[in-house]
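Engineer: coordinates only, sequence not included:
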């Protein structure tokens, strides 16, 4: 039996309920919830699918999932055909940017974008994502395009880069500017500002949408989801160095944008002399026996990380070692309280001011400190997750992970700050800490060290 799928638009595809039941395993994931039991909370799991709608006769799913479903059907000899309500194919031209000679990896990504018309460019940080993004834009100069970014800092940088590449008629939406209407051939916007626009204003305005830091497209009902569900641009691309770890987030990103169409990993880029190679230094922390009886993770983190003097002392000593070698250093934490503790402790030892950059830090002040550490006017900054992405410091030699954690996405983003290669810098250090004080801390460290080992960085 051959099933028929109706591609309604770049957002949704319609199929029969029978076909939906056949392919459900390909677009399902294990969901978890907690319910009260006699001995406290009990973890329960169930299989959840990502159909937009389903009833006894039909199902609808995000069009970006078609390649995944196609592979699933081929493996099981399930046949189907596609019918398009309206199919738009825009071939584009060869990429061209003034003053730029595309590397083979960049040119390959651009050509794959032209071929597939949608999907994720999964390339390591510092491999020239902006050049690829602008290169794709140069292929479709007759298209109206929307570029979504996650922060005002990224918006400012991208506007500057695009103007440098000779693009004209650029409209910005972010920070309250140019709000409520669309006039640009290229619109560069923060997602938080753009989502406030009425969908009728933009749903059919654009031919192409590109999302920077696309791992934030992790929820079909979130900020990006609300935009992309109402946007019918046929060309849809995302750029990220980190793919979400959770299946539901992967499916959301894939459904709204498309599958991974180009990949360029850190080790591959380092082997091509495109980025610096990470080198991991592991430092053991003395056991703090007082936290072993703690059962709740927030308490363990507060005592074992934020208030842990053994950790603070090691962070300070390792940072000073790097500074004494002439390195510039970023010390990463998670909580604002922890950042203040670390900055104060570092100032006491290195006898100079240490900035702490976090979410409440003024954007102009962040930019000022970025310039100072790039020029080595200052050589040490403490920061939290606000600088884990979208900040490039080519001269950075050492990163100190003072915040621990088990998220490989956050670890990859942290490593990304040091990947920029210069004439005198071919590798950099990431200092991490092993604390045997609690099984949570041991488990999280195990996740990180396995990641380092698998990539050959230890």
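Structural biologist: Perfect, thanks for sending it. In this text the structure is predicted, and so the values were computed from the model without any measurement.
Engineer: can you pull the phi/psi pair for the nearest residue to residue 199 once chain neighbours are set aside?
Structural biologist: Nearest non-adjacent residue to residue 199, counting by CB to CB, 6 or more residues apart in numbering: residue 230, 3.8 Å away. (Glycine included, C-beta is placed from N, CA and C.) Main-chain dihedrals, residue 230, degrees, to the nearest 10: phi -110, psi 10.
Engineer: show me what contacts residue 230?
Structural biologist: Applying CB atoms under 8 Å, 6 or more residues apart in numbering, we find residue 230 in contact with 199, 202-203.
Engineer: which residues touch residue 215?
Structural biologist: With CB under 8 Å, 6+ apart, residue 215 has these contacts: 240, 242-244, 249, 253, 409.
Engineer: residue 404 now?
Structural biologist: 301, 305, 433, 435, 441, 444-445.
Engineer: switch these over to TSV; also include secondary structure.
Structural biologist: Formatted as TSV, those follow (DSSP: H, G, I helix; E, B strand; the rest coil):
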residue	secondary structure
301	helix
305	helix
433	strand
435	coil
441	helix
444	helix
445	helix
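Engineer: reformat the contacts of residue 230 as a markdown table; add secondary structure.
Structural biologist: Shown next, in a markdown table, are these (three-state DSSP):
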| residue | secondary structure |
| --- | --- |
| 199 | helix |
| 202 | helix |
| 203 | coil |
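Engineer: filter these down to the buried ones.
Structural biologist: Among these, the ones that count as buried by 16 or more other CB atoms under 10 Å are 202-203.
Engineer: my guess is residue 33 is in a strand, correct?
Structural biologist: Yes: the assignment for residue 33 is a strand, going by three-state DSSP.
Engineer: that one pairs with what?
Structural biologist: Counting by DSSP bridges, residue 33 is bridged to residue 44.
Engineer: that one and residue 388, how far apart?
Structural biologist: Separation of residue 33 from residue 388 (CB to CB, to the nearest Å): 29 Å.
Engineer: residue ranges with poor pLDDT in the stretch 201-350 of the chain?
Structural biologist: The model of the stretch 201-350 of the chain has no residue with pLDDT under 70.
Engineer: checking my notes, residue 87 in a strand, right?
Structural biologist: No: in this structure, residue 87 is coil, not part of a strand, as judged by three-state DSSP.
Engineer: residue 85 versus the residue nearest to it when sequence neighbours are not counted, what's the distance?
Structural biologist: Once flanking residues are discounted, residue 87 sits nearest to residue 7: 7.1 Å by CB to CB, 6+ apart. Using CB to CB, residue 7 is found at 7 Å from residue 85.
Engineer: just the contacts of residue 230 now: which is nearest residue 1?
Structural biologist: Within those, the smallest distance to residue 1 is 35.7 Å, found for residue 203 (CB to CB).
Engineer: ok, the closest one - contacts?
Structural biologist: 230-232.
Engineer: spell out which residues make up each domain of this protein.
Structural biologist: 2-84, 104-268, 276-454 (automatic domain parsing).
Engineer: please work out which of the ones you listed is packed deepest.
Structural biologist: domain 104-268 (a mean of 20; mean count of other CB atoms under 10 Å).
Engineer: roughly how far is that one from the heart of the chain?
Structural biologist: 12 Å (CA atoms, centre = their mean, to the nearest Å).
Engineer: is it true that residue 373 lies in a helix?
Structural biologist: Yes: residue assignment for residue 373, taken from three-state DSSP, places it within a helix.
Engineer: is it true that it touches residue 394?
Structural biologist: No: the criterion here is CB atoms under 8 Å, and residue 373 misses it with residue 394 at 10.6 Å.
Engineer: residue ranges of the helices in the stretch 1-150 of the chain, please?
Structural biologist: Ranges of helices in the stretch 1-150 of the chain, per DSSP state H, counting those that start in this stretch, are 17-23, 66-75, 104-116, 129-139.
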